[in-house]
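Participant: need a 3D model of the sequence below.
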Amino acid sequence: MSEAIKHECGIVLIRLLKPLSYYKEKYGRYTYGLEKLYLMMEKQHNRGQEGAGVACVKIDAEPGCEYIFRERALGSGAISETFAKVNRAIAEGKAEGLQGPELPYIGELYIGHLRYSTTGRSGISYVHPFLRRNNWRSRNLCLAGNFNLTNVEEIFDSIVAQGQHPRHNADTFIMLEQLGYLLDSHHEDLYRKYKAEGLRGRELSARIEDNIDMEGIISTVSQMWDGGFVIVGATGSGESFVFRDRWGIRPAHYYADDEIVAVASERAVIQTVMNITTDQVRELGAGEALVIHRNGEVCPCCVAKPENPRPCSFERIYFSRGSDGDIYKERKALGRLLTPQILREIDHDIDHAVFSFIPNTAEVAYYGMMEGLNNYLNDLKISRLIELGHQADAEQMKSILNHKIRTEKLAIKDIKLRTFIAEGSSRNDLATHVYDITYDTIVPGEDSVVVIDDSIVRGTTLKQSIV
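Facilitator: Predicted coordinates:
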């Protein structure tokens with residue numbers, strides 16, 4: 001199994017485990033869950049360069065009332081645009097006389113998605129969450145994820161062979177159709193079983209909704225999928241889930257207490273939004289699923305046997321927030337490990353080298369690089385002091401001790417160049433900005449400029465230019 005980097009999206013799932021009145025009484029508002037959703041999406045904004053979307057499920061909605069709400073938008077400002085539409089819908093509901101839990105987007109279950117597609121198809125129809133509608137609440141399916149499948153054609157042929165007619169062959173549509181097909185089939189089995197027992201009407205529907213085997217559905221369908229993925233989803237009846245590929249390529253973390261379950265692509269996001277410590281956030285393991293049943297029961301389970309877990313280095317180097325403790329240490333180590341190569345590239349001439357970084361993902365690696373360079377310089381100082389022996393005078397020692405690694409802030413973050421993974425022209429523009437510097441401390445023709453940037457993940461570990 002090999003995977004090309006195509007998407008580095010962000011996911012969020014919020015499940016409130018208490019009645020909505022509980023949050024109104026404790027926190028003074030019904031929008032507690034919606035606010036957590038917004039914060040967790042905003043703190044993963046770097047994953048939303050192309051689009052964003054949200055969905056809300058009201059678990060106990062009465063017949064005739066909408067129970068699934070969805071909104072999506074395109075562009076780097078998609079989070080703000082999406083929530084502006086949500087807030088307008090809430091305001092319109094209030095104007096119509098609706099209150100509290102009756103309002104749109106006030107529910108117990110939320111899904112958020114931030115789309116970052118570095119290659120492939122674009123447009124609002126490819127922005128998650130995806131929605132598969134049905135008149136039975138338990139057969140409605142909402143899906144979002146951070147993934148790309150590597151065997152889409154094989155799965156597509158399998159679906160067609162079952163008699164289905166998919167509208168698209170993109171992996172998101174394929175996943176939605178496969179899960180939906182198994183959900184429909186399982187629902188039909190339950191329908192026949194409980195109808196044979198004499199159940200009818202709402203009693204029959206309630207029994208079906210209470211007995212959906214989401215773990216079994218996920219286990220069955222995930223065996224067909226090859227690639228890296230984290231999927232979050234929900235049914236209209238309130239079953240929700242998140243599951244991770246058996247190689248552990250894409251990340252997922254979660255926190256659960258007696259009030260809330262919160263899931264996100266990054267651990268630091270949950271820490272800050274929920275105001276908890278690192279050890280309270282758990283990482284979903286390779287091949288694991290977290291299922292939250294409509295009654296609020298939280299069930300971690302293994303749905304696929306792990307196969308040589310290999311987390312995506314691109315996630316850890318570029319996309320994840322540096323405020324995560326492990327990510328911070330790893331990025332510093334990356335910079336430190338670059339020190340020998342950098343010294344070779346400049347022929348160990350640190351006197352005529354100026355070091356800098358491209359903000360923001362390379363900044364932590366830069367600190368690690370500087371630690372490595374300063375360790376090299378300290379060893380050099382010791383050698384020179386030893387060479388001087390007892391004959392050294394104060395000025396000579398002062399000159400050696402004052403020897404410093406030269407650093408400058410050569411690149412300032414330009415928002416329109418926030419990222420330049422997929423667009424070569426943007427990278428070239430940024431390089432121009434790097435070398436567009438004053439000569440107060442850099443001598444043209446003599447000094448090297450060494451800039452560490454996110455191209456570490458591309459195999460190019462440094463940029464060097466004679467100004």
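Participant: what pLDDT, on average, does the helix or strand where Gly228 lies get?
Facilitator: For Gly228, the host element (DSSP states H and E) is strand 227-235. For strand 227-235, mean pLDDT rounds to 93.
Participant: partner strands of that strand, with direction?
Facilitator: strand 141-149 (antiparallel), strand 240-244 (antiparallel) (DSSP bridges).
Participant: pLDDT averaged over the first one, what's the number?
Facilitator: This means strand 141-149. 89.
Participant: so which elements touch the helix or strand following it?
Facilitator: With elements assigned by DSSP H and E, the helix or strand that comes after strand 141-149 is helix 152-161. Judged by 3 or more C-beta pairs under 8 Å, 6 or more residues apart in numbering; DSSP states H and E, the packing partners of helix 152-161 are helix 171-196. C-beta here means a position set from N, CA and C on the backbone, and glycine is covered the same way.
Participant: list the buried ones in the helix it packs on?
Facilitator: 171-184, 186-187, 190-191, 194 (16 or more other C-beta atoms under 10 Å).
Participant: report the angle between it and strand 227-235.
Facilitator: Between helix 171-196 and strand 227-235, the angle comes out at 40 degrees (axes from the mean of the first three to the mean of the last three C-alpha atoms, to 10 degrees).
Participant: whichever helix or strand comes after helix 171-196: which residues count as buried?
Facilitator: The element immediately downstream of helix 171-196 (helix or strand, assigned by DSSP H and E) is helix 201-210. Applying a neighbour-count criterion of 16+ other C-beta under 10 Å, one finds 204-205, 207-209 buried in helix 201-210.
Participant: thinking again about what came up before, so which of the strands paired with strand 227-235 gets nearest Glu371?
Facilitator: Comparison of these against Glu371 by C-beta to C-beta identifies strand 141-149 as nearest, at 32.3 Å.
Participant: go ahead and confirm Asn134 touches Asn140.
Facilitator: Yes: Asn134 is within contact range of Asn140, at 5.3 Å (criterion: C-beta atoms under 8 Å).
Participant: pick out whichever of the two has more residues nearby.
Facilitator: Set Asn134 next to Asn140 and count neighbours by other C-beta atoms under 10 Å: Asn140 wins out with 20 against 15.
Participant: my guess is Val57 contacts Glu108. True?
Facilitator: Yes: assessed by C-beta under 8 Å, Val57 is found in contact with Glu108 at 7.1 Å.
Participant: mind putting the buried residues of helix 201-210 into JSON lines with pLDDT and distance to Arg47?
Facilitator: JSON lines is the format used below for these (pLDDT from 0 to 100; distance: C-beta to C-beta, whole Å):
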{"residue": "Leu204", "pLDDT": "96", "distance to Arg47": "42"}
{"residue": "Ser205", "pLDDT": "94", "distance to Arg47": "37"}
{"residue": "Arg207", "pLDDT": "95", "distance to Arg47": "40"}
{"residue": "Ile208", "pLDDT": "96", "distance to Arg47": "36"}
{"residue": "Glu209", "pLDDT": "95", "distance to Arg47": "33"}
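Participant: and the residues you listed, which is closest to Gln162?
Facilitator: Distance to Gln162, by C-beta to C-beta, is smallest for Ile208 among the buried residues of helix 201-210, at 22.3 Å.
Participant: so what's that closest one closest to, chain neighbours aside?
Facilitator: Leaving aside its sequence neighbours, Ile208 sits nearest to Leu190 (C-beta to C-beta, 6 or more residues apart in numbering; 4.6 Å).
Participant: so the one you found touches Glu209, yeah?
Facilitator: No: look at Leu190 against Glu209 with C-beta under 8 Å: they stay out of range, at 9.2 Å.
Participant: buried residues in stretch 349-359?
Facilitator: Those would be 350, 353-359, for stretch 349-359 by 16+ other C-beta under 10 Å.
Participant: got the end-to-end distance for that stretch?
Facilitator: With C-alpha to C-alpha, to the nearest Å as the measure, the ends of stretch 349-359 fall 25 Å from one another.
Participant: chain center to it: distance?
Facilitator: Offset of stretch 349-359 from its chain centre (C-alpha atoms, centre = their mean, to the nearest Å): 32 Å.
Participant: and it, average pLDDT?
Facilitator: 86.
Participant: just to revisit the earlier point, who touches both of Val57 and Glu108?
Facilitator: Listed contacts common to Val57 and Glu108 are Gly238; contacts here mean C-beta atoms under 8 Å, 6 or more residues apart in numbering.
Participant: what does stretch 331-343 contact?
Facilitator: Residues outside stretch 331-343 that contact it (C-beta under 8 Å, 6+ apart): 316-317, 322, 350, 361, 364-373, 375-376, 450, 452, 456, 461-462.
Participant: from one end of it to the other, what's the distance?
Facilitator: This stretch, stretch 331-343, spans 19 Å end to end (C-alpha to C-alpha).
Participant: host element of Ile382?
Facilitator: Ile382 is part of helix 363-388 when elements are defined by DSSP H and E.
Participant: for whatever helix or strand comes next after that helix, packing partners?
Facilitator: Once the chain leaves helix 363-388, the next helix or strand it forms, by DSSP H and E, is helix 394-401. Here helix 394-401 touches helix 363-388, going by 3+ C-beta pairs under 8 Å, 6+ apart.
Participant: buried set for the helix it packs on?
Facilitator: Neighbour counts over helix 363-388 (16+ other C-beta under 10 Å) mark 364-370, 372-373, 376, 384 as buried.
Participant: could you export those residues as CSV, including pLDDT and distance to Ala52?
Facilitator: Shown next, in CSV, are the buried residues of helix 363-388 (pLDDT from 0 to 100; distance: C-beta to C-beta, whole Å):
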residue, pLDDT, distance to Ala52
Val364, 89, 26
Ala365, 90, 28
Tyr366, 92, 30
Tyr367, 93, 31
Gly368, 94, 32
Met369, 93, 34
Met370, 95, 36
Gly372, 95, 39
Leu373, 95, 40
Tyr376, 95, 45
Arg384, 90, 56
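Participant: how about low-confidence regions in this structure?
Facilitator: 1-7, 118-121, 164-170, 412-445, 453-467 (pLDDT under 70).
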